[in-house]
Structure formats: C-alpha cells, structure tokens
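1. Provide a 3D model corresponding to the input given below.
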Amino acid sequence: MSKTAKTSKKKKTNAKKPSAPTAMLKKQHREVKAIFGKLEKGKGDPTALLKELADNLAAHMKIEQDIYYPAIAKVDEDLIMESFEEHSLAELGLKRLLATDRKDEAFESRVTAVKELIEHHVEEEEEDLFPKVDRKVDAEVLADLGARMEALFAKTKAAGFEATVPKGYAKTSADVSRA
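-> Modelled structure (predicted):
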C-alpha cells in the first residue's frame with residue numbers, strides 16, 4: 001500500500017464522529033435531495049412531494065435559524081449571515097414553486113432553481129461549517145443543541161410550511177428569526 005493510501009486510510013479511521021446536530025442536519029439534507037429526485041423524475045404525486053419538500057425545508061430552516069445558527073454564530077459569522085440569506089431565497093423560491101401550477105412551463109425550471117440553491121447551501125454547510133462546528137464547539141453544547149433541534153423539527157414539520165413561514169413575500173422566516 002502506498003504512503004498516500006495509508007495516510008488517507010488513517011485519516012478516515014481517526015476522523016471525529018459527527019456531532020448530533022451535524023448528523024441530524026446531514027440526514028435531513030439527504031431526505032430533501034431524495035424528494036427533489038422524485039420530483040425531477042416524475043415519481044409520485046407532485047402535489048404531495050411539494051408539500052413534503054416544503055414542510056421538511058421549513059422545519060429544517062427553523063431549527064437552524066432559531067437554535068443552531070445563534071448557538072454557533074461565533075464559529076463563522078460571515079457564513080452564518082450568508083446562510084440566513086440563502087434560507088430567505090430558498091423560502092421565496094418555495095413560495096413561488098408552491099404557487100405554480102404543475103402544468104405551467106415554469107414549474108420544472110422553478111424546481112431546478114430551488115434545488116440548485118439548496119444544493120449550494122448544503123455544500124457550504126457540509127464542507128465548511130459543520131466541520132468547524134464539530135471542532136470548535138463543546139460536545140456537551142452540541143448534544144444539547146441536537147436534542148433541542150430534534151424536538152423543534154418534529155413540532156415544526158407537523159405544523160407544516162404554511163404555518164411556519166410568514167405570509168407573502170416581504171418577510172421570510174430568516175428575517176423573523178434575526179429580529
């Protein structure tokens with residue numbers, strides 16, 4: 001085995017286990033990705049898939065905005081501010097998507113636009129933010145955050161997108177969370 005292969009293997013075995021918040025958020029990212037895949041492939045009822053997507057994303061954004069980001073803001077303040085803005089754009093894109101008739105020629109383009117925004121956001125979190133948080137934030141703090149996030153996610157997902165995000169386009173949940 002080459003020295004590079006040994007080093008690479010060693011890094012993987014010595015890698016720190018992801019924290020509860022990181023594991024939870026990554027799992028939610030995968031669930032949203034799967035829903036987008038079904039929408040793009042036309043697998044399943046688009047109305048039900050859109051509702052599932054919107055409810056999942058509203059709950060995911062809520063736990064990040066209300067619990068996770070405030071608790072870890074000092075880790076990377078610029079990235080957290082950018083994340084709030086990306087949440088606002090995703091929420092506005094979802095509102096437009098939900099208001100679009102499935103037969104409208106803009107429907108597929110709006111699905112793609114929201115998906116690409118979410119994918120960019122996920123990439124930044126998973127490659128930049130989460131590793132920093134897991135290195136710099138105390139394990140006990142992360143365990144507490146994970147428990148609080150899990151409870152709020154379940155409650156918010158059950159309430160749904162419509163009950164979670166502000167009506168209209170003037171304000172988003174990210175604006176409300178930062179106020």
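2. Every contact and neighbour count from this point should use C-alpha atoms.
-> Will do.
3. Which secondary structure element of this protein has the lowest mean pLDDT?
-> Lowest mean confidence among the helices and strands of the chain (mean pLDDT, DSSP states H and E): helix 3-14, at a mean of 44.
4. Does K95 belong to a helix, a strand or coil?
-> Secondary structure for K95, judged by DSSP: H, G, I helix; E, B strand; the rest coil, is helix.
5. That one: neighbour count?
-> The tally of other residues near K95 (other C-alpha atoms under 10 Å) stands at 18.
6. Same check on the one 4 residues further on?
-> Each residue near A99 was counted by other C-alpha under 10 Å, and the total is 10.
7. and it, backbone torsions?
-> Phi and psi for A99, reported as degrees, to the nearest 10, are phi -90, psi 0.
8. ok, and what's touching stretch 152-161?
-> Under the criterion C-alpha atoms under 8 Å, 6 or more residues apart in numbering, residues 51, 54-60, 62-63, 164 lie in contact with stretch 152-161.
9. Would you mind giving the residues you listed as a markdown table with secondary structure, distance to G37 and pLDDT added?
-> Formatted as a markdown table, these follow (DSSP: H, G, I helix; E, B strand; the rest coil; distance: C-alpha to C-alpha, whole Å; pLDDT from 0 to 100):
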| residue | secondary structure | distance to G37 | pLDDT |
| --- | --- | --- | --- |
| K51 | helix | 15 | 96 |
| A54 | helix | 14 | 97 |
| D55 | helix | 16 | 98 |
| N56 | helix | 15 | 98 |
| L57 | helix | 15 | 98 |
| A58 | helix | 18 | 97 |
| A59 | helix | 20 | 98 |
| H60 | helix | 18 | 98 |
| K62 | helix | 23 | 98 |
| I63 | helix | 24 | 98 |
| T164 | helix | 24 | 96 |
